[in-house]
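Q: Next one to model:
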Amino acid sequence: MNQDERKTAARRMMLLIAAAGVIIGLYGFRLIFLQLVNGDSFKAQATNTTDYKFTVTAARGNIVDSKGERIASSVTGYNVVLNKLLMGDEDLDALLQKLVGLLGENGESWNDSLLIGQADAAGHYAYTAESDNAAEQRSLAAMKENLGLQQYATADDVMEKLVEDYDLADFSFYWQRILGGIHYEMQLQAFSNVNNFILAENVSEATVATIKENSLTLPGVEIVETSARSYEQGTVLPHVLGRVGKITAEKWKVTDENGQVTYPLKEKGYNMNDVIGISGLESAYEDELRGKDGVETITRNSDGVIVNTALTTVPEPGHTVQLTIDSEFQKAVDQALAKNVEWIRNSYGDSKQASAGAVVVIDVKTGGVLAASNYPSFDQNLYAANYSAYSEDENMPLFNRALQGLYTPGSTYKPSVAVAALDTGLINRYSTVLCNGVYTYYKDYHPKCTRHGHSGNIDVVTAIKWSCNIFFYDVGRRLTSDVYDAYAYKLGLGQRTGVEVSEALGRLTTKNDSNYTESLDVQAAIGQGNTAVTPIQLATYAATLANRGTRYRTHFVKAILDSNTGKTLEETQPEVMDVVEDKGETFDLVKEGMLGVAQTIPALANYPHTIACKTGSPQRSEGYYAGSTYKHYTNAAMIAYGPAEDPEIAIGIVVEYGGAGARTGTLVADIFNAYYAMKDGTLTVDEAAAESLAQPETAADAAEAPADGTADPAAGETEDAGQNDTAAAPADAAATAGA
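A: Okay, the predicted model is just below:
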């Protein structure tokens, strides 16, 4: 081969190498494009998987007392859940029949809110909703609307629609009703590939075992751990703690007046099946107690095979809400109140109807509630089982008298009038009013005073001690309700105390009242007229007097704690809501008068610590005949604080039909005994409960209870002896409370 031929061969080789390099380069770029640029896309196309996300409910936070003792907590429960994604091609109705059979064998119920009973022998159905049950009637109306039926549709019409919609014609009437109810519940809960359906809640361990044993024949049926509310101390503060419940269809789907439909809870991250606080502190602190739900992700490929299940977001429990309440002290006050009501009822002829009352105890220095007792009360753990009995009880154990009960305050109101008169300079220590038993300022209206323990020229201290009506008639008239009402508001009466849960607003008698007269003005000055307050307002008022005019926000929550670490995340600080300037001797003179009241009550006169108090015997609208004389029943009311030198606690008490405020003197002593025992660590509820229920009649009680059993003038407290028809009837204890 000559040189030219070699050069030609070399050129050809170079061209071949260059061509091969270009081809290799093109393949390389293509490979890079396939694997690096669009690798994820092509991988997904190759595997064709889909992720389904399901909520894992977080445990609800605990509610604990001031020492950290649990009152309400979350315990592990088990739900039977249907997962449509895992169910595959399984016959749903056949699966439901198996499950219903297993549940029935174990005595379990299943979710079915269809208000229709089983068919009769002729195959006809009837509604089970009670005609006088508003909630059931609303549910019935919503069911017809959801099914696209007219409101006049019969139960047969509803079942015909369900059988048609869910293809149940081949089943017996029995199974049509059961399957139709479950399918309707599935519709409400939007059962789908991304929404599981809770068939049964809080099932027993035996049921859990049965379901797991039959798992191979129950595809898509899961046992899911959940948290349920448990009340370790079910009788502690049940009215204030409130309730939790499943989200109702009414709360889930909200239609406004314009027909606009919204889902406010869905927008806040809730699911249809979630539990939510529906009243009391459970509702008020829902955001803190709720926690953050987790997420379980299930991955399925294009062939429908589940290729992965993972907990992609771990649930976080809700925060702990710590209360100002000491649970042992609360129980002691509960028992002391019950004992006092029973003693009054069994000891006085005019108090045979006494069967209910309320007590609130407040920390004077912070405004924290130490106890809020209602009698009668109920057990949270028995609420569901005994709801009908509780609701039908004429003594209304479900009624939160401590916060919602509206009561005429009677003579407990007089210290507020004294504060107003002293603070404005209308009177001073030496000012007097002549008490001769009848107030004669008006020509045609002459209210009276019993002059119990007093007569003649009466100063403010004596007037408070012996509850002189004439003194406060005259001072109230000269002040006018505009002035003494303004002070009463500042002291905490007739307005919100600031507690975190719903409370009645109450009211004071004003010149804007439709039935206002001058005589009503003087009646209001002794705590009658149209005036109505709550026990928690009475306690707040007593605490404000103890604080020499500084009113703190009354509250139940001490702090918010991290449930995992116990670290304090937020702490409630004392908050001043209002102040009555302490001018000169104002609060000293009022305290002196209230110390005098305690000296007229044997249970308090010799008490180891000095207690300031004011009794009240406000009239009720009902009455009775004592011989030929018609008398009004009266409640027993009391405010107190102590020790007077450096007050620590304040108390507000009302006993319905109690007859006279002085009859609650032993209750006040019992509360202070429990308080000091709590402080030194010796309090035991059994000791408080062991105290005698049949208390001996004291000297003061003898003065209060006439031999004929008629209403008594304890410490001059028949304030309404002169009330005429122009005065409004006092608010009754069971009056419906405002929000």
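
Q: now the residue nearest the centre of the chain, nearest residue through space, not along the chain?
A: By CA atoms, centre = their mean, the mean C-alpha position of the chain lies nearest to Gly280, the distance being 1.9 Å. Excluding the flanking residues, the one nearest Gly280 by CB to CB, 6 or more residues apart in numbering is Gly242, at 1.8 Å. No exception for glycine: its C-beta is placed from N, CA and C like everyone else's.

Q: what's that neighbour in contact with, if anything?
A: 277-284, 501 (CB atoms under 8 Å, 6 or more residues apart in numbering).

Q: Next, give phi and psi for Ile298.
A: phi -110, psi 130 (degrees, to the nearest 10).

Q: swap in Gly616?
A: With angles defined as degrees, to the nearest 10, Gly616 sits at phi -150, psi 140.

Q: Quick check: it vs Glu581, distance?
A: For Gly616, the distance to Glu581 (CB to CB, to the nearest Å) stands at 26 Å.

Q: go on, Thr450?
A: Separation of Thr450 from Glu581 (CB to CB) stands at 34 Å.

Q: If you count surrounding residues, which of the two has more?
A: Thr450 (20 against 10; other CB atoms under 10 Å).

Q: Which secondary structure state does that one sit in?
A: State at Thr450, reduced to three classes by DSSP: H, G, I helix; E, B strand; the rest coil: coil.

Q: any low-confidence regions in the chain?
A: 1-7, 9-10, 28, 30-47, 52-56, 300, 302-306, 686-739 (pLDDT under 70).

Q: what's downstream of the longest strand along it, the next helix or strand?
A: Across the chain, the longest stretch assigned as strand under DSSP state E is strand 70-82. Once strand 70-82 ends, the next helix or strand along the chain (criterion: DSSP states H and E) is helix 84-87.

Q: what sits up against the next helix or strand after that following helix?
A: Moving toward the C-terminus from helix 84-87, the next helix or strand (DSSP H and E) is helix 92-105. Contact with helix 92-105 is made by 80, 82, 87, 109-110, 168, 171, 175, 178-179, 182, 199-200, 203, 207, 210-211, 214, 217-221, as judged by CB under 8 Å, 6+ apart.

Q: What of stretch 259-276?
A: 55, 57, 60, 188-190, 195, 198, 229, 244-247, 251-256, 283, 286, 290, 293.

Q: on that earlier part again, who does the longest strand of the chain pair up with?
A: Note on strand 70-82: by DSSP bridges, its sheet partners are strand 63-64 (antiparallel), strand 197-200 (antiparallel), strand 221-230 (antiparallel).

Q: Which strands or helices does the following helix or strand past the second one pack on?
A: Right, strand 197-200. Per DSSP H and E, the first helix or strand lying C-terminal to strand 197-200 is helix 205-213. Using 3 or more CB pairs under 8 Å, 6 or more residues apart in numbering; DSSP states H and E as the contact test, the elements touching helix 205-213 are strand 70-82, helix 92-105, strand 221-230.

Q: mind running it again at 7 Å?
A: Secondary-structure packing of helix 205-213 (3 or more CB pairs under 7 Å, 6 or more residues apart in numbering; DSSP states H and E): helix 92-105, strand 221-230.

Q: Now do the longest one against strand 221-230: the angle between them, please.
A: Helix 92-105 and strand 221-230 are oriented at 50 degrees to each other (axes from the mean of the first three to the mean of the last three CA atoms, to 10 degrees).

Q: List the buried residues of helix 92-105.
A: With burial defined by 16 or more other CB atoms under 10 Å, the residues of helix 92-105 counted as buried are 92-93, 95-96, 99-100, 102-103.

Q: again with the shortest one
A: By neighbour count with 16+ other CB under 10 Å, strand 221-230 contains the buried residues 221-222, 224, 226-230.

Q: residues making contact with it?
A: Residues from elsewhere that reach strand 221-230, judged by CB atoms under 7 Å, 6 or more residues apart in numbering: 57, 59-60, 72-83, 99, 202, 208, 211-212, 244.

Q: now the helix or strand following that strand, how far from the centre of its chain.
A: The helix or strand immediately downstream of strand 221-230 is helix 238-241, counting by DSSP H and E. Helix 238-241 sits 5 Å away from the centroid of its parent chain (CA atoms, centre = their mean, to the nearest Å).

Q: just checking, next helix/strand downstream of helix 238-241?
A: Next element after helix 238-241 (DSSP H and E): strand 244-246.

Q: elements contacting that next one?
A: Helices and strands touching strand 244-246, by 3+ CB pairs under 7 Å, 6+ apart, are strand 275-277.

Q: how near is Ser283 to Leu103?
A: The gap separating Ser283 from Leu103 is 31 Å, by CB to CB.

Q: Equivalent analysis for Ser431, please.
A: Distance from Ser431 to Leu103, by CB to CB: 78 Å.

Q: repeat for Phe173
A: To Leu103, Phe173 is 20 Å away according to CB to CB.

Q: do the same with Gly492
A: Taking CB to CB, one finds Gly492 at 54 Å from Leu103.

Q: what kind of secondary structure is Arg620 in?
A: Counting by three-state DSSP, the backbone at Arg620 sits in strand.

Q: Using the three-state scheme, assign the nearest residue to it once chain neighbours are set aside.
A: Nearest residue to Arg620 in three dimensions, chain neighbours excluded: Tyr633, at 4.5 Å (CB to CB, 6+ apart). Three-state call for Tyr633 (three-state DSSP): strand.

Q: ok, Leu179 touching Phe171?
A: Yes - using CB atoms under 7 Å, Leu179 is in contact with Phe171, at 6.3 Å.

Q: Between the two, point out the one with more neighbours.
A: Leu179 (21 against 17).

Q: gap between the more buried one and Lys246?
A: 22 Å.

Q: now do Leu595
A: For Leu595 relative to Lys246 (CB to CB), the value is 54 Å.

Q: of the two, who's got more company?
A: Neighbour count, other CB under 10 Å: between Leu595 and Lys246, Leu595 has more, with 19 against 15.

Q: what residues are up against the more buried one?
A: Per CB under 7 Å, 6+ apart, neighbours of Leu595: 610, 612, 644.

Q: Most neighbours out of the residues you listed, which is it?
A: Result: Ala612 is most packed of the contacts of Leu595 (other CB under 10 Å), 27 neighbours.

Q: nearest residue to it other than its sequence neighbours?
A: Using CB to CB, 6+ apart, the nearest residue to Ala612 is Met594, at 3.8 Å.

Q: Repeat that for Ala605.
A: Gln599 (4.9 Å).

Q: surely Gly277 meets Asp287?
A: No - in this structure, Gly277 is not within contact of Asp287 by CB under 7 Å, at 9.4 Å.

Q: Between the two, tell me which one has more neighbours.
A: Gly277 (21 against 10).

Q: rewinding a little: okay if I get the buried residues of strand 221-230 as JSON lines plus distance to Arg478?
A: Listed next are those as JSON lines, based on distance: CB to CB, whole Å:
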{"residue": "Val221", "distance to Arg478": "79"}
{"residue": "Glu222", "distance to Arg478": "76"}
{"residue": "Val224", "distance to Arg478": "71"}
{"residue": "Thr226", "distance to Arg478": "66"}
{"residue": "Ser227", "distance to Arg478": "62"}
{"residue": "Ala228", "distance to Arg478": "61"}
{"residue": "Arg229", "distance to Arg478": "56"}
{"residue": "Ser230", "distance to Arg478": "58"}
